[in-house]
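[1] Take a look and give me a structure for this.
(one chain, ligands or ions: 1)
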Amino acid sequence: MPGSSTVLVTGGAGFIGSHTCVELLDHGHDVVIVDNYSNSSPGAVERIAKVAGRAPVAVYEADLLDRRALAAVFADHSFDAVIHFAARKAVGESVEQPVEYYDTNVGGTTALLRAMHDHGVHRLVFSSSCSVYGNADKVPLTEGDPADPTNPYATSKWLCEQIVADVCRRLPGFSALALRYFNPVGAHPSGLLGEVPRGVPNNVMPYLAQVAAGRLDRLRVFGDDHATPDGTGVRDYLHVMDVAEGHRVALEHLDDTRGMTVFNLGTGRGTSVLELVAAFRRACGKPIPYEITGRRPGDVAALVADPTAVTRAWNWTATRDLTAMAEDAWRFQELNPSGYPD
Ligand code: UD1
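    Have a look, this model is predicted:
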């Protein structure tokens, strides 16, 4: 889909959504945001406009499960495509609250498909996750490797992929791309946009940033007895701006194939927790206290993408290295110690 288009971005105020909105605006696309602010805030939308130098066309505070509100959004605009981020994403919480996760993530996706179908919008980029691979003991992972989700969050993403693929199969004209991201981290280089976790962060990068800032006393490294070179967990961290670019490029390739296609978004490089700590220490110029504790239940030793397919299809490749990820995350933390102003 070359040229400029009007794109509905669900969850556009969230971490990956907000960076993607900037990327779309920077490339001449018009953006409409729907977000219920359950894990984000209007402050992020103000920052999107500030960074991009122009505002989204419209912003709706609405839940996807509110069908009437969603129908009104589609009635107000003529969308060329939808990028669907809005979802709950905390793995541990999903184990405690499976019904909420299926309701929001799967129900939100079917509600969105309903609205798209009713309004003749047939192009979708879906936010999926490497967590669909589950406890894969293979490195790196290709899209053809079997899915084996091990928690309700991951299962919800897998179910959504199946539903979207089936809709695309049965309704000619529907096309979708599902992007399985590995571990998005970092922030916009301006220091104005970044990740704003609610409460104590679950994920390692925002946790590290808060340790460096003195808000948390030390990082707990979950196990040094994994089958990895230094014993700590290995992940494929990729810069959130590379993820954002991946979505913009996906949008431009939505018409390449019929049906739904799945792509990994990752760098293809694995980084251990201790390597990440070292990179962050260099970025912030401060010591990072840490202690080795037991493994976190459910963690796998190593998860690394094979991004060959997406590179071959679109010439997309992650270009920002670990230093940029750590420096940008730290800049955002330093400039916004309490997140976005409300
Ligand atoms: C999880 C989800 C992934 C999601 C990502 C970001 C799974 C399997 N993974 O990734 O889908 O995209 O969150 O929301 O469902 N670690 C520590 N100390 C900490 C926190 C983490 O040592 O305080 C370690 C972990 O053991 C792991 C690595 O850091 O080895 C990364 O953990 P984390 O940032 O939580 O991401 P994932 O669990 O890989």
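[2] got a list of what the residue in the chain that the ligand sits nearest to touches?
    Residue nearest to the ligand within the chain: Gly233 (2.1 Å; C-beta to the nearest ligand atom). Glycine gets a C-beta too; all of them are placed from N, C-alpha and C. By C-beta atoms under 8 Å, 6 or more residues apart in numbering, the contact list for Gly233 reads 222-223, 226, 272-273, 299-302.
[3] Please state the backbone phi and psi of Arg170?
    Taking degrees, to the nearest 10, you get phi -90, psi -20 for the backbone angles of Arg170.
[4] quick one: is stretch 96-114 near the ligand?
    No. Against the ligand, stretch 96-114 shows no contacts by C-beta under 6 Å from any ligand atom, the least distance being 11.9 Å.
[5] now do stretch 147-157
    Yes. Stretch 147-157 lies within reach of the ligand by C-beta under 6 Å from any ligand atom, at Ala154.
[6] next one: that stretch to chain centre, how far?
    15 Å (C-alpha atoms, centre = their mean, to the nearest Å).
[7] now the end-to-end length of it.
    Stretch 147-157 has its terminal residues 11 Å apart, counting by C-alpha to C-alpha, to the nearest Å.
[8] hang on, the earlier thing: tell me the most packed of the contacts of Gly233, by neighbour count.
    Top of the contacts of Gly233 by neighbour number is Val273, holding 25 neighbours under the definition other C-beta atoms under 10 Å.
[9] What about the spatially closest residue to Asn36 that is not a sequence neighbour, how many residues nearby?
    Sequence neighbours aside, Asp63 is the residue nearest to Asn36 in space, at 4.3 Å (criterion: C-beta to C-beta, 6 or more residues apart in numbering). By other C-beta under 10 Å, the residues close to Asp63 number 17.
[10] can you tell me which residues contact Asp63?
    So Asp63 contacts 36, 69, 108 (C-beta under 8 Å, 6+ apart).
[11] correct me, but the last one touches Arg88?
    In other words, Gly108. No. Here Gly108 lies out of contact with Arg88, judged by C-beta atoms under 8 Å, at a distance of 9.1 Å.
[12] Pick out whichever of those two has more residues nearby.
    Between Gly108 and Arg88, counting by other C-beta under 10 Å, Gly108 is the more crowded of the two (24 against 19).
[13] Look at the more buried one and give its secondary structure.
    When classified by DSSP: H, G, I helix; E, B strand; the rest coil, Gly108 comes out as helix.
[14] got a list of what it touches?
    10, 63-65, 86-87.
[15] Could you rerun that using 6 Å?
    Neighbour list for Gly108: 64, 86 [criterion: C-beta atoms under 6 Å, 6 or more residues apart in numbering].
[16] and the gap between it and Gly17?
    Distance of Gly108 to Gly17, computed by C-beta to C-beta, to the nearest Å: 13 Å.
[17] quick one, phi/psi of Ser128?
    The phi/psi pair for Ser128 (degrees, to the nearest 10) reads phi -110, psi -170.
[18] Quick one: name the residues of the chain near the ligand.
    Taking C-beta under 6 Å from any ligand atom, the part of the chain that reaches the ligand is made up of 89, 91, 129-131, 154, 183, 202-204, 207, 219-222, 233, 235, 273, 296, 299.
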